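In: Predicted model follows, preceded by the sequence.
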Amino acid sequence: MLDVNPAEFATLLERGWRRFGPAYFRHACAACQACLSARVPAASFVPSRSQRRARRAASRLERTIDRPIADDERVALYQRWHAQRESKRGWAESALDVERYGFDFAFDHPSAREVAFRDPADGNRLVGLGIVDVVPKALSAVYFFWDPEHAPPSLGVAHIVMLLEDAAEHGLDSVYLGYRVDACPSLAYKGRFQPQEIMTGRPSLRETPAWRADGQI
């Protein structure tokens, strides 16, 4: 779907849909409830001690928000991050090039934004990058990757904390975290952002979505 505007996209997000590049998707395994659609109300979010520590560690970085772009610098950052995941978590190799990066991460969508973290003390090195969708009443964290050797500790955690700060500052309701899977190390961390809401069921576009406080499903 190439003509979905931010307001229409918000309707999809409220019903558990996600976007990556030009594709919209939602978990559909009828017999499995492992994927939990999670969002954090911005006004009531309270960072934990470790989240505050990650936020402080990232405070020395320069953070900018703009339209996503594709270039060799971003692809190199992604490849360094992915190589570490291949080594530590057994991920399959990724053959991402600039063209494919542009299609997946810098697709020209009206909601898409890029959050870039650079280190002024290290030649303005790009050390972290997040893709975020902006809709009228919420933000949606799409993807984040970082430099395993040069990024401060837990930069991905700091990224989410800062998105929640942005949402609260601009009077937005929530930050969507996508799918939380408690049995998956790459996705279980999302449950540590509290208080949190989880969507129940798989509502259609004609149904009103129901979100319940985490732990009350």
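Out: That came in fine, so what should we check first?

In: Number of residues surrounding Ala7?
Out: 11 (other CB atoms under 10 Å). Yep, even glycine has a C-beta here, placed from its N, CA and C like the rest.

In: from the chain's centre, how far out does the strand or helix carrying it sit?
Out: Using DSSP states H and E, Ala7 maps to helix 6-13. Distance, stretch centre to chain centre, for helix 6-13: 16 Å (CA atoms, centre = their mean, to the nearest Å).

In: And stretch 52-68, what's buried?
Out: Ala54, Arg55, Ala57, Ala58, Leu61, Arg63, Pro68 (16 or more other CB atoms under 10 Å).

In: ok, residues contacting it?
Out: Outside stretch 52-68, the residues that touch it by CB atoms under 8 Å, 6 or more residues apart in numbering are 47, 105-107, 112-121, 124, 127-128, 131-132, 152-155, 157-159, 161-162.

In: which of these are buried?
Out: Buried among the contacts of stretch 52-68 by 16+ other CB under 10 Å: 47, 105-107, 112-119, 127-128, 131-132, 152, 154-155, 157-159, 161-162.

In: so what secondary structure elements neighbour the longest strand anywhere in the chain?
Out: If you go by DSSP state E, the chain has its longest strand at strand 125-135. When contacts are defined as 3 or more CB pairs under 8 Å, 6 or more residues apart in numbering; DSSP states H and E, strand 125-135 packs onto helix 6-13, helix 72-89, strand 112-119, strand 138-146, helix 155-169.

In: Let's see the first one as CSV, backbone CA atoms only.
Out: Translated: helix 6-13. Backbone C-alpha positions of helix 6-13 (Å, rounded to 0.1, in the frame of the first residue of the first chain) are rendered in CSV as follows:
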residue,chain,number,x,y,z
PRO,A,6,-0.4,9.2,8.6
ALA,A,7,-4.0,9.3,9.9
GLU,A,8,-4.9,6.1,8.1
PHE,A,9,-1.7,4.5,9.3
ALA,A,10,-2.6,5.4,12.9
THR,A,11,-5.8,3.3,12.4
LEU,A,12,-3.6,0.3,11.5
LEU,A,13,-1.2,0.8,14.4
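
In: quick one: it to strand 125-135, angle?
Out: Relative orientation of helix 6-13 versus strand 125-135 (axes from the mean of the first three to the mean of the last three CA atoms, to 10 degrees): 90 degrees.

In: in helix 6-13, what counts as buried?
Out: For helix 6-13, by 16+ other CB under 10 Å, it's Pro6, Phe9, Ala10, Leu12, Leu13.

In: moving C-terminal of it, what's the next helix or strand?
Out: strand 18-20.

In: Run me through the strand neighbours of whichever helix or strand comes after that next one, direction for each.
Out: Later in the chain than strand 18-20, the nearest helix or strand by DSSP H and E is strand 23-25. As defined by DSSP bridges, the strand partners of strand 23-25 come to strand 18-20 (antiparallel).

In: how about the helices and strands packed on strand 125-135, which one is nearest Phe193?
Out: Closest of the helices and strands packed on strand 125-135 to Phe193 is helix 155-169, at 6.1 Å (criterion: CB to CB).
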